[in-house]
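[1] just to be clear, the model below is a prediction. Sequence and coordinates:
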Amino acid sequence: MIARMWEARALPGRLDELAALVAAAWPALAGTDGFAGGEVYRADSATDPRLVIITRWRDEASLAAAAGPGWRDTAVTLPGEAALHSRPPHVWHFTPVPLD
């Protein structure tokens, strides 16, 4: 299992548009081979609105197939999405820590 965290800072007043764009694309993402679930979160700060997406993937190969060759450090963006950002999105990856 690998978790991917994607964070985008939206331009002031554009967070609703960014969230709607992500929500519209979610069904296609959910149907991707190796996708194991995820959540979308928003922070409605007036000065620093942001959207965070946490997805879980079966393995690195599944994530790489979905996100492309730059998956480790390049965020996947949807058409028209860049116009809603105050800066480019960032991505981070995590693997589980055994708690037993």
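    Sure thing, it's come through. Numbering: from 1, shown residues only.

[2] ranges for the strands of the chain?
    Under the criterion DSSP state E, the chain contains strands at 2-10, 35-43, 50-57, 85-94.

[3] so the longest one versus strand 2-10, what angle?
    Put plainly, it is strand 85-94. 170 degrees (axes from the mean of the first three to the mean of the last three CA atoms, to 10 degrees).

[4] give me the buried positions along strand 85-94.
    For strand 85-94, a neighbour-count test (16 or more other CB atoms under 10 Å) marks His85, Pro89, Val91 as buried. Every residue, glycine included, has its C-beta placed from N, CA and C.

[5] just stretch 38-49 next, same as before
    Those would be Gly38, Pro49, for stretch 38-49 by 16+ other CB under 10 Å.

[6] got the end-to-end distance for it?
    This stretch, stretch 38-49, spans 20 Å end to end (CA to CA, to the nearest Å).

[7] longest helix in the protein, by residue count?
    Taking DSSP state H as the criterion, the chain has its longest helix at helix 15-30.

[8] centre of the chain to it, how far?
    Distance of helix 15-30 from its chain centroid, counting by CA atoms, centre = their mean, to the nearest Å, is 10 Å.

[9] give me the contacts around it.
    8, 10, 35, 38, 40, 42, 44, 49-51, 53, 55, 66, 78, 80-81, 84-85 (CB atoms under 8 Å, 6 or more residues apart in numbering).

[10] tilt between that helix and strand 85-94?
    With the same axes, to 10 degrees applied, the angle from helix 15-30 to strand 85-94 works out at 40 degrees.

[11] so which bits of helix 15-30 are buried?
    Result for helix 15-30 [16+ other CB under 10 Å]: buried residues Leu15, Leu18, Ala19, Leu21, Val22.
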